[in-house]
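>>> sequence? don't have it. structure:
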């Protein structure tokens, strides 16, 4: 960042010294070859996934940088209010952070085109009385993020409800407040519909009481004093809208979850009879090649694809074991759609994760930790183990790590670890589901030649 700022300063002085005009912001970006984007470490914006950077705002910014023909430099700030400072100071060229358009910010920054409409939910805890409106909330503990669109809306509503009272939190983010509602620490908060949809998987206790007035537009934020970049931003979103790429991205992140879920014991039993026989020999071959119980590999395959060789997700993972292109390449697989190759590749990848687990960790914890790494990435698993140890629990125990993985979705915790945000509830569900499938397979798919099944523990 310092070197880029220095380059801009040198370029500006040089041009002034030769009486040439100061280049536009767009020209500066192309001359430097870098687009600087500020964002938030959040599931609705940017995070480090198992296979690298992810998030809807990251994908959009990456495509926009490619359209400009420059590299993307994306960085996060811990507080929403800091985003405005990054734009007005010139440290960032634009903000792509899932921002609701703020009337208070429009005096100092400009917004690009609206690319998503979100609702604002009043959220409460299941089991508590469901409020009908803000009048019935008054007198309880309502907490929102300081400087947010939620706080701005409450200020507007107080014109008609002068006794409306709330607390503005300057430390936490939306997911932290949703966690506090789930834990009963506060009575209510206001959440964007996108963040609430993602948080429900982590905090099933939270519920929507009602929506506040009006949907809120979401847009990128830019400098007001130079419209050259804004012109390109408008053209980029117009093209993404017309091609359907924008709708596909929004649906992928905020529509139906792109990971297969547990579909019920009845369907699983049916698939054991109808689908498993096609692949059983390949699961056994793969298990023999890596020294593993074939039923564990089959359980992983069912969790990933329901033993569907043609399975493909919107993010591009595919096949029986739902491998990414990078993973397939790393384990020596050329065709992810080929069921035998996919099963062999998934087995190799699982073993590579298990081999990274410290030798001192015994079974079954070693296997459960390896399964979590298979799902979320070894780096995020290590972050969860570090958090487990920081909170004086056992980082070598799957049950202790299991309890701490979801903390990777809370800012006050993921800021303390190397790789930042992760959807920590996903590996928990992944391991739970694989274990459930394994239990059934050990019962209905007994095989005298198989290795001893992994010992189950609570």
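Done, it's in. Just so we're clear, the structure is a prediction, and the values are computed from it rather than from any experiment. Residues are numbered from 1 along each chain as shown.
>>> C-alpha only now, for contacts and for neighbours.
OK.
>>> Now do stretch 309-329: distance to the chain's middle.
Centroid separation between stretch 309-329 and its chain, computed with Cα atoms, centre = their mean, to the nearest Å, is 18 Å.
>>> Residue 440 versus residue 240, what's the distance?
For residue 240, the distance to residue 440 (Cα to Cα, to the nearest Å) stands at 46 Å.
>>> Give me the next element, helix or strand, following whichever strand or helix holds residue 297.
Taking DSSP states H and E as the definition, one finds residue 297 inside helix 294-305. The element immediately downstream of helix 294-305 (helix or strand, assigned by DSSP H and E) is helix 325-330.
>>> got any ranges where the stretch 1-150 of the chain has weak pLDDT?
Flagging of the stretch 1-150 of the chain using pLDDT under 70 yields the residue ranges 1-20, 49-51.
>>> What angle do helix 294-305 and the longest helix out of those in the chain make with each other?
In the chain, taking DSSP state H as the definition, the longest helix is helix 425-444. Helix 425-444 runs at 130 degrees relative to helix 294-305, counting by axes from the mean of the first three to the mean of the last three Cα atoms, to 10 degrees.
>>> who does helix 425-444 touch, helix- and strand-wise?
Contact analysis of helix 425-444 by 3 or more Cα pairs under 8 Å, 6 or more residues apart in numbering; DSSP states H and E lists helix 294-305, helix 365-376 as its packing neighbours.
>>> Take the ones you listed and write them to TSV, including mean neighbour count and distance to residue 398.
Shown next, in TSV, are the helices and strands packed on helix 425-444 (neighbours: other Cα atoms under 10 Å; distance: least, Cα to Cα, whole Å):
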stretch	mean neighbour count	distance to residue 398
helix 294-305	25	17
helix 365-376	24	5
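>>> Which one, of these, ends up nearest to residue 105?
Between residue 105 and the helices and strands packed on helix 425-444, the tightest spacing by Cα to Cα is seen for helix 365-376, at 36.6 Å.
>>> shaky segments in the stretch 251-400 of the chain?
In the stretch 251-400 of the chain, residues with pLDDT under 70: 255-266.
>>> picking that back up, quick one: which of the helices and strands packed on helix 425-444 is nearest residue 53?
Among the helices and strands packed on helix 425-444, helix 365-376 comes nearest to residue 53, with 12.6 Å by Cα to Cα.
>>> Off-centre distance for the helix or strand following that closest one?
Counting by DSSP H and E, the next helix or strand C-terminal to helix 365-376 is helix 378-390. Chain-centre distance of helix 378-390: 17 Å, with Cα atoms, centre = their mean.
>>> What of stretch 159-176?
The answer for stretch 159-176 is 25 Å, by Cα atoms, centre = their mean.
>>> Quick check: end-to-end length of that stretch?
28 Å.
>>> And the strands in this structure, which stretches?
Counting by DSSP state E, the chain has these strands, from start to end: 34-39, 47-49, 52-54, 71-76, 94-95, 109-111, 116-118, 120-125, 142-145, 167-169, 188-192, 206-211, 216-218, 221-223.
>>> would JSON lines of the ones you listed with mean neighbour count and distance to residue 356 be doable?
Formatted as JSON lines, those follow (neighbours: other Cα under 10 Å; distance: least, Cα to Cα, whole Å):
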{"stretch": "strand 34-39", "mean neighbour count": "24", "distance to residue 356": "32"}
{"stretch": "strand 47-49", "mean neighbour count": "21", "distance to residue 356": "18"}
{"stretch": "strand 52-54", "mean neighbour count": "13", "distance to residue 356": "19"}
{"stretch": "strand 71-76", "mean neighbour count": "17", "distance to residue 356": "29"}
{"stretch": "strand 94-95", "mean neighbour count": "29", "distance to residue 356": "37"}
{"stretch": "strand 109-111", "mean neighbour count": "20", "distance to residue 356": "46"}
{"stretch": "strand 116-118", "mean neighbour count": "15", "distance to residue 356": "41"}
{"stretch": "strand 120-125", "mean neighbour count": "24", "distance to residue 356": "40"}
{"stretch": "strand 142-145", "mean neighbour count": "24", "distance to residue 356": "40"}
{"stretch": "strand 167-169", "mean neighbour count": "15", "distance to residue 356": "40"}
{"stretch": "strand 188-192", "mean neighbour count": "24", "distance to residue 356": "39"}
{"stretch": "strand 206-211", "mean neighbour count": "19", "distance to residue 356": "37"}
{"stretch": "strand 216-218", "mean neighbour count": "19", "distance to residue 356": "41"}
{"stretch": "strand 221-223", "mean neighbour count": "27", "distance to residue 356": "42"}
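>>> closest one to residue 402 among those strands?
Proximity to residue 402 (Cα to Cα) singles out strand 47-49 among the strands of the chain, at 17.9 Å.
>>> count of neighbours near the residue lying closest to residue 199 once chain neighbours are set aside?
Excluding the flanking residues, the one nearest residue 199 by Cα to Cα, 6 or more residues apart in numbering is residue 175, at 6.9 Å. Residue 175 has 21 neighbours, counted by other Cα atoms under 10 Å.
>>> For residue 175, give me its contacts.
When contacts are counted by Cα atoms under 8 Å, 6 or more residues apart in numbering, residue 175 touches 195, 199, 409, 410, 411.
>>> Among those, find the lowest-pLDDT one for me.
Across these, the member with the lowest pLDDT is residue 199, scoring 72.
>>> And that one, how close does it get to residue 427?
For residue 199 relative to residue 427 (Cα to Cα), the value is 15 Å.
>>> What values do phi and psi take at residue 108?
Per-residue torsions, residue 108: phi -120, psi -20 (degrees, to the nearest 10).
>>> Give me the distance between it and residue 85.
Taking Cα to Cα, one finds residue 108 at 10 Å from residue 85.
>>> now swap in residue 22 and tell me
For residue 22, the distance to residue 85 equals 23 Å [Cα to Cα].
>>> just to revisit the earlier point, packing partners of the helix holding residue 297?
Judged by 3+ Cα pairs under 8 Å, 6+ apart, the packing partners of helix 294-305 are helix 276-290, helix 339-356, helix 425-444.
>>> rerun at 6 Å
With contacts taken as 3 or more Cα pairs under 6 Å, 6 or more residues apart in numbering; DSSP states H and E, helix 294-305 sits against helix 276-290, helix 425-444.
>>> How far away from the center of its chain is that helix?
A distance of 24 Å separates the centroid of the chain from that of helix 294-305, by Cα atoms, centre = their mean.
>>> That one vs helix 339-356, what angle?
Orientation of helix 294-305 against helix 339-356 (the same axes, to 10 degrees) gives an angle of 110 degrees.
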